[in-house]
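# no sequence on hand, only this structure:
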């Protein structure tokens, strides 16, 4: 909702009562209030009959759509064999202490991963992590890169070119006077650490396509 301005240009007080009676997903707002941090909270009635208090922002953004009954009523057995991103559900595992359904999934890269069913259904987990890893193997420079070579930048404090690569939390870094030497070192690091993993992933994809 667009806020109205006063004649002096300042914003007027927003009327949150206009949200009462509106429905978001399965929830209908019946009351709007503020907590001690002035966060707007909504008392809602769900289609299933339950009442739930949620933040107004979560309703407007669509992150909360029910009192929780949507997830409770899901037939999790139907997830076996289904695909979610790069993951295919193989089997259902023992439930967690909070009775959350958990699954063993096979990723397109060949790795196995255990995932909660809710994370699959809400698209919060789409791979074993390889999607992020493969993006790291890309040699295309970032948009803020000024050297033209990914992982190579100029440090004005020591007037040198620095080449850097981070692998599983370990940082490999060296500084050089010449730009060409820094580029060569960055390529050496890529060939040593990234290339074997990238080639392994590409071979698996070709085999399964």
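Here it is on my side, so go on. These numbers were taken from a predicted model, which means no experiment stands behind them. Numbers count the residues shown, from 1 in each chain.
# tell me the pLDDT of the residue most central in space within the chain.
Central residue of the chain (CA atoms, centre = their mean): residue 124, 6.1 Å from the mean position. Reading off the confidence values, residue 124 has pLDDT 78.
# please apply the same query to residue 49.
Value for residue 49, per-residue pLDDT: 84.
# the chain should start at 211 in everything you say after this.
In the new count, where the first residue is 211, that last one comes out as residue 259.
# helix/strand/coil for it?
coil (DSSP: H, G, I helix; E, B strand; the rest coil).
# distance of it relative to residue 247?
Here residue 259 is placed at a distance of 30 Å from residue 247 (CB to CB, to the nearest Å). Every residue, glycine included, has its C-beta placed from N, CA and C.
# ok, the two, which is more surrounded?
residue 259 (8 against 5; other CB atoms under 10 Å).
# against residue 255, how distant is the closest residue to residue 249 other than its chain neighbours?
Once flanking residues are discounted, residue 249 sits nearest to residue 265: 6.0 Å by CB to CB, 6 or more residues apart in numbering. According to CB to CB, residue 265 stands 16 Å off from residue 255.
# so residue 356 is in contact with residue 365, correct?
No - in this structure residue 356 lies outside contact range of residue 365 using CB atoms under 8 Å: 12.0 Å.
# can I see the domain layout of this structure?
226-274, 284-338, 341-418 (automatic domain parsing).
# shouldn't the residue nearest to the centre of the chain be within a strand?
No - Residue 334: not assigned to a strand; according to three-state DSSP it is coil.
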